[in-house]
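>>> need a structure here:
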Amino acid sequence: MKKTPRKTVHVIGVPMDLGSGRRGVDMGPSAIRIAGLSKELRDLGHQVVDEGDLDIGNMEQLEVGNTRARFLPEITKANRQLADRIRRVMRRGHFPLVLGGDHSIAVGTVSGVASWARPRGRKVGLLWVDAHSDINTPRTSPSGNVHGMPLAALLGLGPEPLSNIGGRFRKVDPDNVALVGIRSVDEGERDHLRRLGVHVYTMADIDRHGIHIVMEKSLANVTKDTDYVHVSFDLDAVDPSLAPGVGTPVKGGLDYREAQLVMESLWAAGVMTSLEIVEVNPILDDRNSSAKFAVELVQSAFGKKIL
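Reported below is the predicted structural model:
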């Protein structure tokens with residue numbers, strides 16, 4: 001087991017629901033903070049710097065714009081700001097922990113890491129824990145909601161304003177991307193995944209082989225010839241019975257111990273260099289239980305153990 005040192009964690013909130021099809025995930029960062037995130041990290045021995053929230057425009061004050069990629073200009077602006085924040089944290093050698101907000105914010109987080117790594121000849125691996133593959137483009141998306149497009153943008157499929165954040169290059173190599181917990185994929189996304197060769201581990205794979213084997217394979221994928229590993233955890237990867245307050249719940253997700261083992265495996269491997277937790281929606285939640293579960297997952301990723 002690789003020993004992981006204590007970290008200086010910079011918490012960055014991105015209270016955005018512009019990429020989502022329903023309101024409420026903009027309150028996710030506040031809900032996670034209220035659930036005790038900073039205290040729990042400090043209790044594990046980490047230093048915490050809370051950088052507050054990005055300033056995001058209200059949906060009611062903005063134009064939808066192109067209905068194939070709704071609110072794209074404002075989402076692009078927010079992700080550029082986030083990428084800048086991420087680079088500043090990376091420059092100091094510290095750990096970025098991003099709180100969403102909808103999953104479109106992953107473009108800013110990963111682009112920030114990748115644009116820091118690229119000039120130094122380094123590569124990024126991406127572990128994507130989610131019910132959805134989020135690899136639609138404006139052409140394939142059934143809804144036009146950008147939270148279904150971030151992985152496509154990071155892999156260079158567009159939309160172009162998002163793909164170009166941090167530079168005109170593919171932010172991650174498809175062979176260094178592993179999707180875990182997938183159970184809802186659109187037809188256009190299926191074509192993209194097959195063509196690019198992204199590693200996909202569905203809930204059926206987890207049922208068949210167990211989460212331990214799936215995580216061994218996923219970690220091998222994201223660490224092969226890479227220097228940084230970003231983890232993007234959409235809380236809808238977890239079954240809605242455990243986390244009802246998410247943007248787009250899908251039955252049949254990770255159970256409590258499976259979700260915890262994902263995060264415990266990351267701490268044990270000592271490879272995670274940045275993390276985001278997204279799609280917590282307090283409007284749909286029950287007494288902040290989903291945000292509390294999100295904090296438990298972060299605790300496991302930062303070293304909390306049973307013994």
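
>>> Now do the helices in the chain.
Assigned by DSSP state H, the chain shows helices spanning 28-34, 37-43, 72-91, 106-117, 150-154, 160-163, 187-196, 203-209, 211-223, 256-269, 289-301.

>>> quick one, which of these is nearest to G13?
helix 28-34 (3.3 Å; CB to CB). All C-beta spots, glycine's among them, are computed from the backbone N, C-alpha and C.

>>> Which elements pack onto that closest one?
Packing partners of helix 28-34 (3 or more CB pairs under 8 Å, 6 or more residues apart in numbering; DSSP states H and E): strand 8-14, strand 95-100, helix 289-301.

>>> Of those, which stretch is the most buried?
Of all the helices and strands packed on helix 28-34, strand 95-100 carries the top mean neighbour count, a mean of 27, counting by mean count of other CB atoms under 10 Å.

>>> contacting residues for A131?
181-184, 234, 236-237, 248-250, 253 (CB atoms under 8 Å, 6 or more residues apart in numbering).

>>> For those, which two are the farthest from each other?
I182 and P249 (14.7 Å).

>>> These two: who's more crowded?
Set I182 next to P249 and count neighbours by other CB atoms under 10 Å: I182 wins out with 24 against 20.

>>> how about the nearest residue to the more buried one, chain neighbours excluded?
Computed as CB to CB, 6 or more residues apart in numbering, the closest residue to I182 that is not its neighbour in sequence is T202, at 4.7 Å.

>>> residues near that neighbour, how many?
17.

>>> Same question for P150.
30.

>>> Could you check what's spatially nearest to it, not counting adjacent residues?
A106 (4.3 Å).

>>> who touches that neighbour in this structure?
134, 150-151, 154, 232, 276, 278.

>>> got the helices of the chain as JSON lines, with mean pLDDT and distance to L242 columns?
Below are the helices of the chain laid out as JSON lines (pLDDT from 0 to 100; distance: least, CB to CB, whole Å):
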{"stretch": "helix 28-34", "mean pLDDT": "98", "distance to L242": "16"}
{"stretch": "helix 37-43", "mean pLDDT": "98", "distance to L242": "18"}
{"stretch": "helix 72-91", "mean pLDDT": "98", "distance to L242": "28"}
{"stretch": "helix 106-117", "mean pLDDT": "98", "distance to L242": "22"}
{"stretch": "helix 150-154", "mean pLDDT": "98", "distance to L242": "24"}
{"stretch": "helix 160-163", "mean pLDDT": "98", "distance to L242": "31"}
{"stretch": "helix 187-196", "mean pLDDT": "97", "distance to L242": "25"}
{"stretch": "helix 203-209", "mean pLDDT": "98", "distance to L242": "14"}
{"stretch": "helix 211-223", "mean pLDDT": "98", "distance to L242": "14"}
{"stretch": "helix 256-269", "mean pLDDT": "97", "distance to L242": "6"}
{"stretch": "helix 289-301", "mean pLDDT": "98", "distance to L242": "6"}
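
>>> For D53, find the nearest of those.
helix 28-34 (5.9 Å).

>>> ok, the one residue sitting closest to the centre of the chain to G52 distance?
For the chain, S232 is the residue whose C-alpha lies nearest the centre (CA atoms, centre = their mean; 2.3 Å). Separation of S232 from G52 (CB to CB, to the nearest Å) stands at 21 Å.

>>> Fine by me, we can end here.
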